[in-house]
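Student: I'd like to go over a predicted model; first the sequence, then the structure.
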Amino acid sequence: MGTFILPSTLLLTLLLAIGLLFFIRASAKERLQRLELAGEQDETTLMNQLQDYFKARSYRVAAVDREQNQVTFEGFVQPSWFLAVFLTILTAIGLLCLSLVLSSLFPSLMQLFLGVIAISPASGLFYWKKAGKLEKVLLKLTSNSSQTGSLSKITVIAHRDELIELQRALQLKPISN
């Protein structure tokens, strides 16, 4: 029974290491979403609020398509120091665990396995280089006049975190299809 403990521990540790690699890769992944939102303001007021909102968040107008009533904003998204450090620490812990398991299998290579922990800052560097990028936000505004008043519909394609913040800041409601 004792002969299965070490190989099964190695297998589980390798699976956790693979999960860690996917977690690191996903930290810099694009998460663009398309969302339709409704505002109770008229089209001009809503567009002014949107421009002020994006200007305050360091975006600039990159393109305007008046025929389709569409505006593209661009802004550089700074990577998070916290996440870079967090990923480095997670990687160091994961590599330490893997090194300890491998060291118990191959005791003569213990120094080599423990030395592998020195590459853990590479995960933070990977995140830092990939996460700092130019983000685009695409807005398309349409106006719906009804008996109850003027309702503006906006279609936004942006990072999911930006969509959440936009909804919260301007009190826009998602339109369910």
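Tutor: Yep, that arrived.
Student: what about stretch 46-64, average pLDDT?
Tutor: The predicted model assigns stretch 46-64 a mean pLDDT of 88.
Student: how many residues are close by Pro174?
Tutor: Pro174 sits with 11 neighbouring residues when counted by other CB atoms under 10 Å. Bear in mind the C-beta positions are built from the backbone N, C-alpha and C, glycine included.
Student: hang on, it packs against Leu35?
Tutor: Yes - if you go by CB atoms under 8 Å, Pro174 and Leu35 touch, sitting 6.2 Å apart.
Student: buried stuff in the biggest helix by length in the chain?
Tutor: Ordering each helix of the chain by length in residues (DSSP state H) puts helix 81-105 first. Neighbour-count burial for helix 81-105 flags 84, 87-88, 90-92, 94-95, 97-99, 101-103 (criterion: 16 or more other CB atoms under 10 Å).
Student: go on, stretch 35-53?
Tutor: Residues of stretch 35-53 classed as buried: 35-37, 39, 41, 43, 46-47, 49-50 (neighbour count, 16+ other CB under 10 Å).
Student: rewinding a little: which residues touch the longest helix of the chain?
Tutor: 6, 9-10, 13-14, 16-17, 20, 23-24, 27, 109-110, 113-114, 116-117, 119-125, 127-128, 131 (CB atoms under 8 Å, 6 or more residues apart in numbering).
Student: just the ones of the residues you listed in helices?
Tutor: Per DSSP H, the contacts of helix 81-105 map to helices at 6, 9-10, 13-14, 16-17, 20, 23-24, 110, 113-114, 121-125, 127-128, 131.
Student: of those residues, keep whichever come out buried.
Tutor: With burial judged by 16+ other CB under 10 Å, the buried subset of the ones in helices among the contacts of helix 81-105 is 13, 20, 24, 113, 121, 123-124, 127-128, 131.
Student: closest to Gly75 out of those residues?
Tutor: Nearest to Gly75 out of these is Ala131 (CB to CB; 13.8 Å).
Student: please name the nearest non-neighbouring residue to that closest one.
Tutor: Distances taken as CB to CB, 6 or more residues apart in numbering place Pro79 nearest to Ala131, at 3.8 Å, with adjacent residues excluded.
Student: check contacts around the one you found.
Tutor: Contacts of Pro79 (CB under 8 Å, 6+ apart): 127-128, 131-132.
Student: from those residues, which is closest to Asp161?
Tutor: Set against Asp161, the nearest of the contacts of Pro79 by CB to CB is Ala131 (11.9 Å).
Student: quick one: contacts for the closest one?
Tutor: When contacts are counted by CB under 8 Å, 6+ apart, Ala131 is found next to 27-28, 77, 79-80, 83.
Student: now do Val116
Tutor: Shown in contact with Val116 (CB under 8 Å, 6+ apart): 95, 98-99.
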